[in-house]
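Peer 1: fold the following and give me the result.
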Amino acid sequence: MARRLPNFSALRAFEAAARHENFSRAAEELHLTHGAISHQVRGLEQELGRPLFVRHGRQVKITNDGLKFAQFLGKAFADIAAATDGMRATSINQRLTITSIPSFAARWLAPRLGRFIELHPDIEVVLQSSGHMQDLAREGVDVGIRFGRGNYPGMVVLRLMGDVYYPVVSPHYRDGQLPGVPADLARHTLLRSTERWSPWLHAAGLDLAEPSGGLMFEDLSMLIRSAADGNGVALVRHVVAMQEIASGQLLRLFDIATPSPDEYYFVTPPNAASKPQVLAFRDWLLEEINAFQRQQA
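Peer 2: Numbers count the residues shown, from 1 in each chain. Here you go, the predicted structure:
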């Protein structure tokens, strides 16, 4: 006689809610509403005949029984993901799934990736552009390229390279009346992003306040586009702005650069670190970075 299993969607909703101990974050992860997660969990509780969470308004705390059940489900889902990967591996030669911060993916990695594909035509490459720190193993991602301090618990981490900041401007900004020395920046529009101007201003010996008000760019590509359109002076990372500098759309101002406290890292779940396609991509990427850095020297 076949055993009746609970609704799979309810199990996924509960496991995510238990892992985050927060229905809203579980809803974000599964692309559902808070209400849908709550409904699924209540249905599962009714089917099991016991509470899985203690609720205080929108605050929830998992019960001991719920915690044990969630740990079992987490392992079961990991086993299902591993089995699915095994089945996929039989239908394609080799698949390599990469997720990268958007600015690096679009401006540095994607233009070079064709060379890797030519060298390894048997590898199917899936490049995802993402700025959030998803669970790489759970989402079936082999490699994450991250920009940070290197603290990625439970992952195999390799530093790729650092980066520097400096100001850039369109040659057409203010009809070509560009800042001649750093002190001139006090009279110009400084475009804002999530990266603060203060460290560079301090390095330049300027006693200027951090720019405030107006538009804040969270995407560096949009910041660079705005600067190229002549809307102001932007503080950019070299790796993501060098295309526009090389083409003449942007000019680097002054010879002062400040090192970024964040660096680029190659991050891999332990179960993917020894895959042949991951090793091949890692070796190729390190060679590309070495060649890039020699060109910049």
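Peer 1: where does the stretch 1-150 of the chain dip in pLDDT?
Peer 2: Applying pLDDT under 70 to the stretch 1-150 of the chain flags residues 1-3, 86-93, 131-135.
Peer 1: now the strands for the stretch 151-297 of the chain?
Peer 2: 156-161, 164-169, 192-193, 216-217, 234-237, 251-252, 258-259, 263-268 (DSSP state E, counting those that start in this stretch).
Peer 1: for those strands, which one ends up most surrounded?
Peer 2: The densest packing among these, expressed as mean neighbour count by mean count of other Cβ atoms under 10 Å, is seen in strand 234-237 with a mean of 26. Just so you know, the C-beta spots here come from the backbone N, C-alpha and C atoms, and that holds for glycine as well.
Peer 1: which parts of the stretch 1-150 of the chain are strands?
Peer 2: Secondary structure of the stretch 1-150 of the chain (DSSP E, counting those that start in this stretch): strands located at 53-56, 59-62, 94-100, 123-129, 143-148.
Peer 1: make TSV out of those strands and add distance to A209 and mean neighbour count.
Peer 2: Formatted as TSV, the strands of the stretch 1-150 of the chain follow (distance: least, Cβ to Cβ, whole Å; neighbours: other Cβ atoms under 10 Å):
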stretch	distance to A209	mean neighbour count
strand 53-56	43	13
strand 59-62	40	15
strand 94-100	34	20
strand 123-129	34	15
strand 143-148	26	21
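Peer 1: I'd like these as JSON lines, with distance to R252 appended.
Peer 2: Listed next are the strands of the stretch 1-150 of the chain as JSON lines, based on distance: least, Cβ to Cβ, whole Å:
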{"stretch": "strand 53-56", "distance to R252": "55"}
{"stretch": "strand 59-62", "distance to R252": "51"}
{"stretch": "strand 94-100", "distance to R252": "25"}
{"stretch": "strand 123-129", "distance to R252": "26"}
{"stretch": "strand 143-148", "distance to R252": "21"}
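Peer 1: and the helices in the chain?
Peer 2: If DSSP state H is used as the criterion, the helices of the chain fall at 8-20, 23-30, 34-48, 64-91, 102-104, 110-119, 198-203, 220-228, 238-247, 276-296.
Peer 1: and R174, which of the ones you listed is closest to it?
Peer 2: When the helices of the chain are compared by Cβ to Cβ, helix 220-228 sits nearest R174, at 12.6 Å.
Peer 1: and L190, how many neighbours?
Peer 2: 18 (other Cβ atoms under 10 Å).
Peer 1: correction: P6
Peer 2: Counted with other Cβ under 10 Å, P6 comes out at 14.
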